[in-house]
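Q: Below: sequence and its predicted model.
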Amino acid sequence: MAETFDFPCDLVDAQLELRSVRSELSALYKRLPWSVEPLPGWTHTKDGGRYFETKRPDSPGWTDEEKQQVNDLRARQMELVTFIYVHDFWASCTDPVAARSALKHVTAPDTAPTRDG
């Protein structure tokens, strides 16, 4: 039977915000050009001795605003990870590994799944 944990609200809030920050950072990376700095694209073919073909368009690089967005999100992610990692709750927990795993799956109260009849 799965053990349930009574996580402090600040720990749950930090975990939920961490999930949100990671999601936002991932979406930002997907929108950004493939290179931080402007670089020319390329095309590699199997005929050129490669195992598979690859192709990249020219990259205009990231703007200063985009670099700042990434830096801000990464800094916030590090703050949250540190807060979660050093939280006092872990010292009082009998099975911190199971608790950490359970915390990663905690959902916000308004997004909790419902059961039909």
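A: In hand now; what should we look at?
Q: Tell me which residues touch the most centrally placed residue in the chain, please.
A: The geometric centre of the chain, computed from its C-alpha atoms, lies nearest to R22 (CA atoms, centre = their mean), at 2.7 Å. Under the criterion of CB atoms under 8 Å, 6 or more residues apart in numbering, the neighbours of R22 are Q77. Just so you know, the C-beta spots here come from the backbone N, C-alpha and C atoms, and that holds for glycine as well.
Q: Ok, K67 next?
A: V36.
Q: For the residue nearest to the centre of the chain, what is the enclosing helix or strand?
A: Secondary structure assignment for R22, by DSSP states H and E: helix 9-31.
Q: so where do the strands sit in the protein?
A: Taking DSSP state E to define them, one finds strands in the chain at 42-44, 54-56.
Q: P8 is nearest to which of the ones you listed?
A: strand 54-56 (46.2 Å; CB to CB).
Q: residues making contact with the closest one?
A: With CB under 8 Å, 6+ apart as the criterion, strand 54-56 contacts W34, G41, W42, T43, H44.
Q: Tell me the spacing between the third one and S59.
A: W42 sits 11 Å away from S59, taking CB to CB, to the nearest Å as the criterion.
Q: Then the second one?
A: Summarising the geometry, the distance separating G41 from S59, computed by CB to CB, is 7 Å.
Q: same thing with E24?
A: Counting by CB to CB - E24 and S59 are separated by 22 Å.
Q: ok, now K104?
A: According to CB to CB, K104 and S59 sit 34 Å apart.
Q: Which one's more surrounded, the two?
A: With neighbours defined as other CB atoms under 10 Å, K104 and S59 compare such that S59 has more, 16 against 11.
Q: Just the residues contacting the lowest-mean-pLDDT helix or strand in the chain, thanks.
A: The weakest-scoring helix or strand in the chain, judged by mean pLDDT, DSSP states H and E, is strand 42-44 (a mean of 87). Strand 42-44 has contacts (CB under 8 Å, 6+ apart) with R50, E53, T54, K55, R56.
Q: ok, 6 Å please
A: R50, T54, K55, R56 (CB atoms under 6 Å, 6 or more residues apart in numbering).
Q: Look up how far L73 lies from the last one.
A: Spelled out, it's R56. Counting by CB to CB - R56 and L73 are separated by 24 Å.
Q: Right, I'll leave it there.
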